[in-house]
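In: need a 3D model of the following:
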Amino acid sequence: MHDGADAVSRYYDETRRAFPDQRNEVHALHHTDDGVFVEFDLLGTHLGTLRGMPPTGRSFRCRMVALFLFEGDRIVIERVYFDAATILRQLGLAHDPLTRTGRLAMLLAHPITIGRAFFGKLTRR
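Out: Predicted coordinates for the structure are as follows:
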């Protein structure tokens, strides 16, 4: 197995351990001459370790889009697009930056960046 395939295999193994009930709810399928596009929700419950983070026991639902491009009868490209922050917020591992908790978490995680932005805003007035 080459590095890319090995990385994909590790990803699938890790996510299936972290979310053993992971499943999809398909909303739409579209096709072209050389591709298939799928819009779906990914759902699961965080019951195992994910990248060193212990299980939260919380569930998530995230809208996703997957593109499958073909050459002849072979898939040559698979791309999946989604907002990872949506999942992390639902699992309690990240906070919405527009909430008070999210702003505080951002300030604590990035004090220099936030400080520069704050003082830059003051000096532009």
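In: now do the residue nearest to R16 when sequence neighbours are not counted against G57, distance only.
Out: Spatial nearest neighbour of R16, chain neighbours left out: Q22 (6.5 Å); criterion: CB to CB, 6 or more residues apart in numbering. Placement of C-beta: from N, CA and C, glycine included. Q22 is 15 Å from G57, where distance means CB to CB, to the nearest Å.
In: more neighbours, the two?
Out: Q22 (14 against 10; other CB atoms under 10 Å).
In: centroid-nearest residue for this structure?
Out: The centroid of the chain falls nearest to A84 when counting by CA atoms, centre = their mean (2.2 Å).
In: phi and psi next, for it.
Out: Main-chain dihedrals, A84, degrees, to the nearest 10: phi -60, psi -30.
In: pLDDT score assigned to it?
Out: Per-residue confidence (pLDDT) for A84: 90.
In: just E71 next, same as before
Out: Listed pLDDT for E71 reads 96.
In: bridging residues for it?
Out: Counting by DSSP bridges, E71 is bridged to R74.
In: okay, now it: neighbour count?
Out: Using other CB under 10 Å, E71 is surrounded by 9 other residues.
In: distance check, it against S59.
Out: The gap separating E71 from S59 is 38 Å, by CB to CB.
In: what do you get for A18?
Out: A18 sits 12 Å away from S59, going by CB to CB.
In: what sits in contact with each of these two?
Out: Residues touching both A18 and S59 (CB atoms under 8 Å, 6 or more residues apart in numbering): G44, H46.
In: looking at the two, which is more packed in?
Out: Neighbour comparison, A18 and S59: the larger count goes to A18, with 19 against 14 (by other CB under 10 Å).
In: give the closest residue to that one in space, chain neighbours not counted.
Out: Nearest to A18 is L50, by CB to CB, 6+ apart, at 3.8 Å.
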